[in-house]
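*Asks:* Curious how this folds, go ahead:
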Amino acid sequence: MRAAVLHAANQPLSIEEVPRPTLTSNHVLLRVLACGVCRTDLHIFEGDLPLIHQPLTLGHQVVGELIEGATSELPASTRVGVSWIGGTDGTCPFCLRYEENLCDNPTFSGYTVNGGYAEYALVRSDFVFPLPDTLDNTHIAPLLCAGIIGFRSLRVAGTQPGERVGLFGFGASASQAIEVLRHWNCEVYVSTRGENHRKQAKSLGATWVGAEDDKPPVALDRAITFAPSGAVVLSALSSLRKGGIVAINAIHLDQMPAFDYDKLLWGERQIRSVANMTRQDARDYLQLAAEINIKPQVNIFPLDQANEALQAVKNETANGPCVILP
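*Replies:* Now for the predicted structure:
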């Protein structure tokens, strides 16, 4: 099969002929139909996350057709989705507390095992999600990480219907989270760099939109940061009311600047990180996305242009999520 292979950090992906995965116990083999490009892929590519499996096929927002390993619950030709969490041990203290997103021995799709920048992918059968028919392959792919983790971020922040919520940064994840917030009748305040992102936020119903350094005109109940920047976390924190929560939606963050506790954190404000997702998050979000018809504007790249897709994410030149078609 053809795959886009990463051999070393900051080295261009190599489009190669590699062996097709062999079916193993408790797994299914998928013919990849589409694979979304996530900023986490870029962190792996650039070495912000250490390359612990190499050579590596990136990609964890996988839409695939089941071609081997079918069961009565997952018949052949079922269209399924794969996300960042590709498996857990089920026995560690976190799994036993129903906190599988914090598992001590997780499998990460497209990181600790090969992912979906390829024609086929081997994945654990208990970590795939049958997909609703309402969205096609290219539009549902970005929902499988950016959408799910954005949804979890709203949960981690304790978001309630009708609240004032700030989104700091406005990439693929935030552009899906705002649709959930609008469904919940929340007022949404967006601070982000890039004129295209500000225009997109306005078109999706944001109450207020400002530049990266602009402060929302009201005190926020909740704030979610999407940019991998400690300075942005402080901007969000400075916009919170007392008792409010900032959720950091980032797997990697640059250094957090020193800040004034008395002015920014006191008053029972909270900072919480968002770590991965659970299968229940995925099921709940995909059901909601189908109900309210979340359909992100996507930018399609053939597998041969996987490097260009990563650069579009890095430089924020794409108007919406990027999706690779094998």
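*Asks:* Output stretch 246-261 as CSV, restricted to C-alpha atoms.
*Replies:* Extracted in CSV, the C-alpha atoms of stretch 246-261 (Å, rounded to 0.1, in the frame of the first residue of the first chain):
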residue,chain,number,x,y,z
VAL,A,246,-10.2,28.2,31.7
ALA,A,247,-9.8,24.8,29.8
ILE,A,248,-6.5,24.4,27.9
ASN,A,249,-7.2,22.5,24.7
ALA,A,250,-3.6,21.7,23.8
ILE,A,251,-1.4,18.5,24.0
HIS,A,252,1.7,20.7,23.9
LEU,A,253,2.1,24.2,25.3
ASP,A,254,5.1,26.6,25.2
GLN,A,255,6.3,28.0,28.5
MET,A,256,3.7,29.6,30.8
PRO,A,257,4.7,33.1,31.7
ALA,A,258,4.8,34.2,35.4
PHE,A,259,1.6,35.9,36.4
ASP,A,260,0.0,37.8,39.3
TYR,A,261,-2.0,35.4,41.4
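*Asks:* hang on, isn't Ser83 packed against His60?
*Replies:* Yes - using C-beta atoms under 8 Å, Ser83 is in contact with His60, at 6.2 Å. Bear in mind the C-beta positions are built from the backbone N, C-alpha and C, glycine included.
*Asks:* Need the residues touching each of these two.
*Replies:* By C-beta atoms under 8 Å, 6 or more residues apart in numbering, Ser83 and His60 have these common neighbours: Ser109, Leu144, Cys145.
*Asks:* from those residues, which is closest to Asp213?
*Replies:* Of all the shared contacts of Ser83 and His60, Cys145 has the smallest distance to Asp213: 28.3 Å, by C-beta to C-beta.
*Asks:* what about the closest one, neighbour count?
*Replies:* 32 (other C-beta atoms under 10 Å).
*Asks:* which one's the longest strand in this protein?
*Replies:* Taking DSSP state E as the criterion, the chain has its longest strand at strand 27-37.
*Asks:* buried residues in that one?
*Replies:* His27, Val28, Leu29, Leu30, Val32, Leu33, Ala34, Cys35, Gly36, Val37 (16 or more other C-beta atoms under 10 Å).
*Asks:* For the stretch 101-250 of the chain, just list every one of the helices.
*Replies:* Secondary structure of the stretch 101-250 of the chain by DSSP state H, counting those that start in this stretch: the helices cover 137-140, 146-156, 172-183, 195-203, 230-237.
*Asks:* now the fourth one: mean pLDDT?
*Replies:* What that stands for is helix 195-203. For helix 195-203, mean pLDDT is 91.
*Asks:* buried ones in it?
*Replies:* His197, Arg198, Gln200, Ala201.
*Asks:* Farthest-apart pair in the residues you listed, please.
*Replies:* Arg198 and Gln200 (7.3 Å).
*Asks:* Quick check: neighbours shared by these two?
*Replies:* Common neighbours of Arg198 and Gln200 (C-beta under 8 Å, 6+ apart) are Phe170.
*Asks:* returning to that earlier point: export the buried residues of strand 27-37 to TSV and append columns for pLDDT and distance to His252.
*Replies:* Shown next, in TSV, are the buried residues of strand 27-37 (pLDDT from 0 to 100; distance: C-beta to C-beta, whole Å):
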residue	pLDDT	distance to His252
His27	97	28
Val28	98	30
Leu29	98	31
Leu30	98	28
Val32	98	26
Leu33	98	29
Ala34	98	25
Cys35	98	21
Gly36	97	18
Val37	96	16
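*Asks:* and which of the residues you listed is nearest to Arg241?
*Replies:* Closest to Arg241, out of all of the buried residues of strand 27-37 and judged by C-beta to C-beta, is Gly36, at 34.5 Å.
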